[in-house]
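*Asks:* Okay, here's the prediction I keep looking at, along with the sequence it came from:
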Amino acid sequence: MAFVARTAFPHYRLPNSYFLGHHQTTIKALHALLADIDIVYEVRDSRAPLATRNPLFEQALGRRPRIVLYSKSDLSTLQPETLAEWNDGEAQLISCRSTADARGLISRAQAFSASTPAAPSSGTRLLVVGMPNVGKSTLLNSLRRAGLNRAKAVRTGGTPGVTRRVETAVKIAADPDVYLYDTPGVFLPHKVDTDTMLTMATIGCVKPGLVAPYIVCDYVLFRLNLAGAHDMYARYSPPTNSVDELLEGIAARTNKLSRGGRPDTDAAAIYYADRWRQGKEGAFCFDDTSVAGLAAWTARALQSSADRWTGGKHRGRGSWWRG
């Protein structure tokens, strides 16, 4: 009998936000910095190119020239043609560790100085923003290595929250000079839907454990099956809708056994969730990147904005979404 993937995901109780105190502080700091910024690089994770959009930046950055960089292109099936269909301004797929990509970005920043009569004599100043753990600090270090052949300037890590405050400008190129400000990742400032939170947990935009590894593994299995990508877990299990069956297969293959030789499915869940967060299970895109998928995401974003109104009064200053 042919395998039939389930079309509904179980209801789990999940956190509905990850907007922390230093995220709000970062947004305030961005407003103070903008007068000195020439170009903004907004980094989104190409494994979740819609989920890692943060409409809060639309308000915070105003009309400042912006280039959207979809990072971790080697871990995603997102295609450049999709970005062109979205017609979402200037955007490109990159690998934050790629020297070639870094050199290209530096060249564009230096060209800005050459083509802009009002460019400051102190050099071009860039600002990098994005959701937590999308690769901003890794990109900065790659730019510095490509432009100046120097060691990394900021700490990086596989979990969100390594950068906790807006850093001072770091020089990343000379003749003409280019400087870049790194910033902490900023989560969405409102409640998110279940799919978005699960996707964020899977790719590492929230701290490990905020969503239980078992749930992350079940979501990964659900999405792989819907996409017909059974081969991505074939070494652990035949096609299945049961996350317990998958975890038992993972435990057996990785020798994660408890007393008596029984599969330790808890350890297997931690292992498999970590593998997906680190991009070690292959290239996949968790968002619906069709034009219809983009329209659905926009509708949800607008609804989230409307939901911030309670009793005719708006919670917070200004609107974070400009449609």
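*Replies:* Received it, and whenever you're ready, just let me know what you need.
*Asks:* Need the three-state assignment for the closest residue in space to residue 12 that isn't next to it in sequence.
*Replies:* In space, residue 12 comes closest to residue 215 once its chain neighbours are excluded; the distance is 5.1 Å by Cβ to Cβ, 6 or more residues apart in numbering. (C-beta placed from N, C-alpha, C; glycine too.) In three-state terms, and counting by DSSP: H, G, I helix; E, B strand; the rest coil, residue 215 is helix.
*Asks:* quick one: contacts for residue 215?
*Replies:* Listed by Cβ atoms under 8 Å, 6 or more residues apart in numbering, the contact partners of residue 215 are 12, 14, 198, 201.
*Asks:* out of those residues, which one sits closest to residue 82?
*Replies:* Among the contacts of residue 215, residue 198 lies closest to residue 82 (Cβ to Cβ), at 21.6 Å.
*Asks:* Pull the contacting residues for that closest one.
*Replies:* Residue 198 sits next to 14, 211, 215-216, 219 when contact means Cβ under 8 Å, 6+ apart.
*Asks:* Output the residues you listed in TSV; the columns should cover distance to residue 75 and pLDDT.
*Replies:* Written out in TSV, the entries for these read as follows (distance: Cβ to Cβ, whole Å; pLDDT from 0 to 100):
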residue	distance to residue 75	pLDDT
14	24	93
211	19	95
215	21	97
216	16	98
219	17	98
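*Asks:* Which stretches in the stretch 201-323 of the chain count as helices?
*Replies:* Taking DSSP state H, counting those that start in this stretch as the criterion, the stretch 201-323 of the chain carries its helices at 213-226, 243-253, 265-277, 291-307.
*Asks:* Sorry, wrong one. I was asking about the stretch 1-150 of the chain.
*Replies:* According to DSSP H, counting those that start in this stretch, the stretch 1-150 of the chain carries its helices in the segments 21-33, 56-61, 80-86, 99-115, 136-148.
*Asks:* Name the residues of the first one that are buried.
*Replies:* For helix 21-33, the buried set under the neighbour-count rule, 16 or more other Cβ atoms under 10 Å, comprises 23, 26-27, 29-30.
*Asks:* Including distance to residue 1, could the contacts of residue 198 go into CSV?
*Replies:* As requested, the contacts of residue 198 are exported to CSV (distance: Cβ to Cβ, whole Å):
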residue, distance to residue 1
14, 33
211, 33
215, 28
216, 29
219, 25
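*Asks:* Look up the pLDDT of the closest residue to residue 277 other than its chain neighbours for me, please.
*Replies:* Of all residues not flanking residue 277 in the chain, residue 204 sits nearest, at 3.9 Å (Cβ to Cβ, 6+ apart). Residue 204 carries a pLDDT score of 94 in this model.
*Asks:* Number the residues from 2 up from this point.
*Replies:* All right, first residue 2 from here; so that's residue 205.
*Asks:* re earlier: between the helices of the stretch 202-324 of the chain, which one is nearest to residue 55?
*Replies:* When the helices of the stretch 202-324 of the chain are compared for distance to residue 55 using Cβ to Cβ, the nearest one is helix 292-308, at 9.8 Å.
*Asks:* pull the CA atoms of the closest one into PDB?
*Replies:* The C-alpha trace of helix 292-308 is given here as PDB (Å, rounded to 0.1, in the frame of the first residue of the first chain):
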ATOM      1  CA  VAL A 292       3.200  33.600  -4.600                       C
ATOM      2  CA  ALA A 293       0.100  32.300  -2.800                       C
ATOM      3  CA  GLY A 294       2.200  31.400   0.200                       C
ATOM      4  CA  LEU A 295       3.600  34.900   0.300                       C
ATOM      5  CA  ALA A 296       0.000  36.300   0.100                       C
ATOM      6  CA  ALA A 297      -1.000  34.100   3.000                       C
ATOM      7  CA  TRP A 298       1.900  35.200   5.100                       C
ATOM      8  CA  THR A 299       1.100  38.900   4.400                       C
ATOM      9  CA  ALA A 300      -2.500  38.300   5.500                       C
ATOM     10  CA  ARG A 301      -1.400  36.700   8.700                       C
ATOM     11  CA  ALA A 302       1.000  39.600   9.400                       C
ATOM     12  CA  LEU A 303      -1.700  42.100   8.800                       C
ATOM     13  CA  GLN A 304      -4.000  40.200  11.100                       C
ATOM     14  CA  SER A 305      -1.300  40.100  13.800                       C
ATOM     15  CA  SER A 306      -1.000  43.800  13.500                       C
ATOM     16  CA  ALA A 307      -4.800  44.200  13.900                       C
ATOM     17  CA  ASP A 308      -4.800  41.900  16.900                       C
END
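*Asks:* Tell me the helices and strands packed up against it.
*Replies:* Helix 292-308 is packed against helix 81-87, with contacts defined by 3 or more Cβ pairs under 8 Å, 6 or more residues apart in numbering; DSSP states H and E.
*Asks:* who's in contact with the helix it packs on?
*Replies:* The contact list for helix 81-87, computed with Cβ under 8 Å, 6+ apart, reads 50, 71, 92-94, 290, 292, 295.
*Asks:* Narrow those to those in strands?
*Replies:* Those of those mapping onto strands are 71, 92-94, per DSSP state E.
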